[in-house]
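Asks: Sequence plus predicted model, see below.
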Amino acid sequence: MHPNERTERMPLYEHTFIARQDLSAQQAQSLGETFTQLVSDQGGAVGKVEYWGLRSLTYRINKNRKGHYLHMNIDAPAATIQELERNEGLHEDVLRYLTLKVDQHQEGPSVIMQAKSSRDERSRRDRP
């Protein structure tokens, strides 16, 4: 490869959004599928989608004390992320979102999912 040549690689992002508490888990996950499709339609790719569950919020957001958290690993151009965030800002079921640009995606389950599975294992072991 010549030193002046660049490999065209799309930027990598970690994206998390919080959906309203009055949605069911299935509705929140289908919202994730909707946004995954939007990223695909805009020329990006979603590597992993994790549903972190219904979690308590630190402070109330639009009268919600809890929210459904979904996390996505995205490989897409910046314009795709802008369109995703624009759509989430307009969507009435999305309370908040956060996108971070990363150098590489984490392999395997996220730290949140690892902590959740270890809690589940402990609770199963503690049962009589």
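Replies: Cool, the structure landed.

Asks: In terms of helices and strands, where is residue 14?
Replies: Residue 14 is part of strand 12-20 when elements are defined by DSSP states H and E.

Asks: now for that strand, which elements pack on it?
Replies: Applying 3 or more Cβ pairs under 8 Å, 6 or more residues apart in numbering; DSSP states H and E, we find strand 12-20 packed against helix 25-41, strand 64-75, helix 78-90, strand 94-102. In this view, the C-beta of every residue, glycine as well, is placed from N, C-alpha and C.

Asks: Dump the ones you listed into a markdown table; add mean pLDDT and mean neighbour count as well.
Replies: Below are the helices and strands packed on strand 12-20 laid out as a markdown table (pLDDT from 0 to 100; neighbours: other Cβ atoms under 10 Å):
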| stretch | mean pLDDT | mean neighbour count |
| --- | --- | --- |
| helix 25-41 | 93 | 15 |
| strand 64-75 | 94 | 19 |
| helix 78-90 | 94 | 15 |
| strand 94-102 | 94 | 15 |
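
Asks: about what we covered before: tell me the angle of the strand holding residue 14 relative to strand 64-75?
Replies: Compare the direction of strand 12-20 with that of strand 64-75 by axes from the mean of the first three to the mean of the last three Cα atoms, to 10 degrees and you get 160 degrees.

Asks: Same list (the helices and strands packed on strand 12-20) but as JSON lines, adding distance to residue 56.
Replies: Listed next are these as JSON lines, based on distance: least, Cβ to Cβ, whole Å:
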{"stretch": "helix 25-41", "distance to residue 56": "15"}
{"stretch": "strand 64-75", "distance to residue 56": "5"}
{"stretch": "helix 78-90", "distance to residue 56": "21"}
{"stretch": "strand 94-102", "distance to residue 56": "13"}
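
Asks: Among the ones you listed, which comes closest to residue 14?
Replies: Taking Cβ to Cβ as the criterion, strand 94-102 is the member of those that comes nearest to residue 14, at 4.9 Å.

Asks: List every C-alpha atom in that closest one, with coordinates, as PDB.
Replies: What follows is strand 94-102, C-alpha atoms only, in PDB (Å, rounded to 0.1, in the frame of the first residue of the first chain):
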ATOM      1  CA  VAL A  94     -37.300   8.100  22.900                       C
ATOM      2  CA  LEU A  95     -36.400  10.000  26.100                       C
ATOM      3  CA  ARG A  96     -32.600  10.400  25.600                       C
ATOM      4  CA  TYR A  97     -29.800   9.200  23.300                       C
ATOM      5  CA  LEU A  98     -26.000   9.300  23.400                       C
ATOM      6  CA  THR A  99     -23.600   8.500  20.600                       C
ATOM      7  CA  LEU A 100     -19.800   8.000  21.100                       C
ATOM      8  CA  LYS A 101     -17.200   7.600  18.400                       C
ATOM      9  CA  VAL A 102     -14.900   4.700  19.300                       C
END
